[in-house]
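Novice: predicted model and sequence below, questions to follow.
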Amino acid sequence: MKEISELNLPDDIRYAEDHEWARLEGDKLRVGLDDYAQDQLGDIVFVELPQVGDTFKQGQEFATVESVKAVCECYLPVGGQIIAVNTALEESPELVNKSPYGDGWFVEVNPSDLSEMDALMTNEACLEKLKGAE
Amino acid sequence: MNAYNKRWLCIELPATGYREAWNLQSQLVAARKDKIIDTNAVLLLEHPPVFTLGRRGGLNNLAVSADFLEKAGIPVIQVERGGSITFHGPGQLVMYPIIDLRVARLAVSDYVENLEEVMIRAALDWEIKTERNPINRGIWVGNNKLGSVGIAIRRGVCFHGLAFNVNLSLKPFGWINPCGLQDIGTTSMERELSRKVSMNQVRESVKRHVEAVFGVELIMTSLLELQALLQR
């Protein structure tokens, strides 16, 4: 596993407890799994995504990722309706490992209440939390 | 990692129904998340005969009809772990560690390898030499699988675990392609040694190797003591 100092945690996104990230793009949110989570899971072989149109509350399970023999639940960092899913992950789940904040994104969300973003962590807070867990 | 995380509760259960053990695991995961308990725990048990399907199913790897299984009295249960279809039954040692992988700073792949290592070392105690397979996880004697691994992660806490074939009837494996693999077989310690092996001795061996491989001390805990902890 990467050392905490080696983790790539950009400052233009917000982080949830379970290492999902959310980035505000206009009035929609893009969501994925952060560098810590992809590194801890190792080679991802399958991503199960929701359907466009599904709605979830903040913190509700919306996807699962599978590395070899291990299935991990993912929770939506901000509640809302799914308006797009990254279909490229069906064929190329390894994009989550290669590009967690770029091509490896999971879904786009039309957030029901943007103030829910306030409950998420900045990259600095996320880093501090990881250091505290050591 | 603080010293507290070096002590894992170990609960040895009598033969336990799949759903009952599943509920106990879910309860432990929730208690860990809600900080009702802050220790890792390991369940050791055997299941009555049951087929389980992984997150991505595996029903297509069942070679007999649902009707046939109903007559045989073997349920098929869909669960959230990784992997495909598998069989559990008496004579197979099942271990479910409920561990906060983040606190333990364990990568999932290292954790899976550690589970395999525990089984490899336990098999060696009976001079059965097993190997990993780079494509298919678990431990193998040639093309035959002696032990399987499948885990799930919820809120950073892992559950499900490993299944180690000790004196297991291998017949039900003939009704499936285990783990969705074709042209492979299943074996047991009994089959490799041509004699029965004491399940108690295997349990003791597995416990010892868990302590060595994970660098922890197992604190033997009764189910009643565990339930008291969960109800605090």
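Specialist: Yep, that arrived. Residues are numbered from 1 along each chain as shown, chains lettered A, B, ... in the order given.
Novice: show me where chain A has strands.
Specialist: Along chain A, counting by DSSP state E, strands occupy A:14-15, A:20-25, A:28-33, A:44-48, A:55-56, A:61-67, A:70-75, A:80-85, A:107-111.
Novice: possible to save those as a markdown table with mean pLDDT and distance to chain B?
Specialist: Placement of C-beta: from N, CA and C, glycine included. Converted to a markdown table, the strands of chain A look like this (pLDDT from 0 to 100; distance: least, C-beta to the nearest C-beta, whole Å):
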| stretch | mean pLDDT | distance to chain B |
| --- | --- | --- |
| strand A:14-15 | 97 | 14 |
| strand A:20-25 | 97 | 12 |
| strand A:28-33 | 98 | 12 |
| strand A:44-48 | 95 | 7 |
| strand A:55-56 | 98 | 16 |
| strand A:61-67 | 96 | 5 |
| strand A:70-75 | 95 | 4 |
| strand A:80-85 | 98 | 17 |
| strand A:107-111 | 98 | 19 |
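Novice: any chance of those in TSV, with distance to residue B:36 and mean neighbour count too?
Specialist: Converted to TSV, the strands of chain A look like this (distance: least, C-beta to C-beta, whole Å; neighbours: other C-beta atoms under 10 Å in any protein chain shown):
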stretch	distance to residue B:36	mean neighbour count
strand A:14-15	25	24
strand A:20-25	24	19
strand A:28-33	27	23
strand A:44-48	29	20
strand A:55-56	26	18
strand A:61-67	21	22
strand A:70-75	20	24
strand A:80-85	31	18
strand A:107-111	32	20
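Novice: from the centroid of chain B, which residue is nearest?
Specialist: residue B:162 (2.3 Å; C-alpha atoms, centre = their mean).
Novice: if I pick that one, what's in contact with it?
Specialist: B:94-95, B:115-116, B:118-119, B:147-149 (C-beta atoms under 8 Å, 6 or more residues apart in numbering or on different chains).
Novice: I'd like the strands of chain A as JSON lines, with distance to residue B:227 appended.
Specialist: What follows is the strands of chain A, written out as JSON lines (distance: least, C-beta to C-beta, whole Å):
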{"stretch": "strand A:14-15", "distance to residue B:227": "35"}
{"stretch": "strand A:20-25", "distance to residue B:227": "33"}
{"stretch": "strand A:28-33", "distance to residue B:227": "35"}
{"stretch": "strand A:44-48", "distance to residue B:227": "34"}
{"stretch": "strand A:55-56", "distance to residue B:227": "33"}
{"stretch": "strand A:61-67", "distance to residue B:227": "27"}
{"stretch": "strand A:70-75", "distance to residue B:227": "25"}
{"stretch": "strand A:80-85", "distance to residue B:227": "39"}
{"stretch": "strand A:107-111", "distance to residue B:227": "39"}
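Novice: give me the sheet partners of the helix or strand the residue nearest to the centre of chain B falls within and which way each runs.
Specialist: Applying DSSP states H and E as the criterion places residue B:162 in strand B:157-165. Strand B:157-165 sits in its sheet next to strand B:92-100 (antiparallel), strand B:144-154 (antiparallel), going by DSSP bridges.
Novice: other SSEs contacting the very next helix or strand once past it?
Specialist: Downstream of strand B:157-165, the first helix or strand assigned by DSSP H and E is strand B:185-186. Strand B:185-186 sits against strand B:144-154, with contacts defined as 3 or more C-beta pairs under 8 Å, 6 or more residues apart in numbering or on different chains; DSSP states H and E.
Novice: distance from the chain centre to the strand it packs on, please.
Specialist: Centre-to-centre, strand B:144-154 and its host chain are 6 Å apart (C-alpha atoms, centre = their mean, to the nearest Å).
Novice: send me that strand as CSV with only the CA atoms.
Specialist: Provided in CSV are the C-alpha atoms of strand B:144-154 (Å, rounded to 0.1, in the frame of the first residue of the first chain):
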residue,chain,number,x,y,z
ASN,B,144,-7.6,-29.3,-6.9
LYS,B,145,-8.8,-26.6,-4.5
LEU,B,146,-8.2,-27.3,-0.8
GLY,B,147,-9.2,-23.8,0.5
SER,B,148,-11.2,-20.8,-0.7
VAL,B,149,-11.3,-17.1,0.1
GLY,B,150,-14.1,-14.7,-0.5
ILE,B,151,-14.6,-11.4,1.4
ALA,B,152,-16.9,-8.3,1.5
ILE,B,153,-16.1,-4.8,2.7
ARG,B,154,-18.7,-2.6,4.4
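Novice: ok, which of the strands paired with strand B:157-165 comes nearest residue B:7?
Specialist: Evaluated over those, closeness to residue B:7 peaks at strand B:92-100, with 12.4 Å, by C-beta to C-beta.
Novice: wait, does whichever helix or strand comes after the closest one contact chain A?
Specialist: Downstream of strand B:92-100, the first helix or strand assigned by DSSP H and E is helix B:108-125. Yes. Using C-beta under 8 Å from any C-beta of the partner chain, helix B:108-125 reaches chain A at B:108-112.
Novice: filter those residues down to the buried ones.
Specialist: B:108-112 (16 or more other C-beta atoms under 10 Å in any protein chain shown).
Novice: lowest pLDDT pick from the residues you listed?
Specialist: Within these, the minimum per-residue pLDDT falls on residue B:109 (91).
Novice: distance of residue A:128 from residue A:4?
Specialist: 10 Å (C-beta to C-beta, to the nearest Å).
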